[in-house]
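*Asks:* how would this look folded up:
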Amino acid sequence: MIRVVFLGTPRFAVPTLVSLLADKTTEVVGLLTQPDRPAGRGQRSQSPPVKAIVSDHGIPTLQSQCVKDDPAVVEFFRSTLPDVAVAVAFGQLLPRRVFDFPTHGTLNIHASLLPKYRGAAPVPHALLNGEGATGVTLTRIQEKLDSGPILGQEEIPIGREATTGEIEGLLALRGAALLMRLLLPYVDGRLRPRRQSENGVSYAPMIQKAEACLDWNRPARRIHDLVRAFNPRPGAHSAFRGHPVKVWRTRLTSSTLTHREGEPGSVVALPRKRIGVLCGDRRVIELVQVQPANRRRMDAVEFANGIRLREGEAFG
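*Replies:* Modelled structure (predicted):
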């Protein structure tokens, strides 16, 4: 039986934790996660999704605000004596005294095909750059960010309409399956990690809200990629009639307009009562799903009918 301490926080980490709990060759002996935090409109304190998973199993749990400076973390590892630790979107950098503590070190599931897109937001950056494929990588953690030796990888295609939330959901499942396939051979010594290349390294830093503001002077494809990259976090946004509007889904079209037929941001009527917006390259992008301020998400046609949208009006 492989004794595992699990390090994770968001929903992305849940499939791996569930798989470890269900497998007959592993025993989850501890959970290290982030503290409860306020969330939602009411800013009520909410626990990390992984905490709810282990609550019914009586598994020791430690929530640490800063692992680097928290002496309770090492004591937690000493009390649980893991053979290996598994980290999935934990959200903090681990010091060597923590990630090297288990007998077989700490493994990490990362949502990119390393060495590409090291860092906190690999999926949004892959979509921002219009990538046709991405994947998951299982590494053994070392001090330099996402640079550890690789145990295995799995690639998936990225559809042209796929959002960050959809891709992350799929990669969470693929990452869990990859770990469960490789964990036992690794611990047994039958699988040796290979050194990660430093060629082709790129970085994917955390997304800032300011990046999600739509500039309609950009090309249509760039705007489309930005919208899906920032769905569900933080949500691409623009302004209309002086009020903020989030844009959750768009679709590329074959429609183009000449210079005399409007400025970027102008509303364009499309066939079958669809709603388009003119972009900087004179191509028209279709609005599919939007969300006015203090309202629910809705179909763009419903939005247009509700406010009596007129062709030629402009988004800010």
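*Asks:* Tell me where the model's unsure across the chain.
*Replies:* Within the chain, the stretches with pLDDT under 70 are 258-260.
*Asks:* same thing but at 80, please
*Replies:* 39-42, 257-261 (pLDDT under 80).
*Asks:* mind checking the longest helix of it?
*Replies:* With secondary structure taken from DSSP state H, the chain has its longest helix at helix 164-188.
*Asks:* ok, then the element right after it?
*Replies:* helix 220-229 (DSSP states H and E).
*Asks:* hmm, who's touching that following helix?
*Replies:* Applying Cβ atoms under 8 Å, 6 or more residues apart in numbering, the external contacts of helix 220-229 come out as 123-125, 127-130, 161-164, 212, 214-216, 218, 236, 247-253, 279, 281, 283-285. C-beta here means a position set from N, CA and C on the backbone, and glycine is covered the same way.
*Asks:* Return a ChimeraX selection command for the buried portion of these.
*Replies:* The buried subset of these, as determined by 16 or more other Cβ atoms under 10 Å, is captured in ChimeraX by this line:
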select :123,124,125,127,128,162,163,164,212,214,216,218,236,247,248,249,250,251,252,253,279,283,284,285
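*Asks:* which ones among the contacts of helix 220-229 are found in strands?
*Replies:* Among these, the members found in strands (DSSP state E) are A236, V247, W248, R249, T250, R251, L252, T253, R283, V284, I285.
*Asks:* what bridges to the first one?
*Replies:* According to DSSP bridges, the partner residues bridging A236 are V247.
*Asks:* I'd like the numbering to begin with 40 instead of 1 from here.
*Replies:* From this message on, residue numbering opens at 40, which makes the last subject A275.
*Asks:* Contacts only, for it.
*Replies:* Counting by Cβ under 8 Å, 6+ apart, A275 touches A251, C252, L253, L265, V266, F269, K285, V286, W287.
*Asks:* Just the element for L190, please.
*Replies:* Taking DSSP H and E as the criterion, L190 maps to strand 189-196.
*Asks:* ok, now which ones touch the residue nearest to R83 when sequence neighbours are not counted?
*Replies:* In space, and not counting its chain neighbours, R83 is closest to P77: 6.4 Å by Cβ to Cβ, 6 or more residues apart in numbering. When contacts are counted by Cβ under 8 Å, 6+ apart, P77 touches R83, S84, Q85.
*Asks:* do Q73 as well
*Replies:* T48, P87, Q102, S103, Q104, F129, G130, Q131.
*Asks:* Ok, K312 next?
*Replies:* Neighbouring residues of K312 by Cβ under 8 Å, 6+ apart: V340.
*Asks:* Next: I189.
*Replies:* L153, T176, L177, T178, P232, R233, R234, Q235.
*Asks:* do P163 as well
*Replies:* P163 is in contact with T203, A243, I246, A268, F269, counting by Cβ under 8 Å, 6+ apart.
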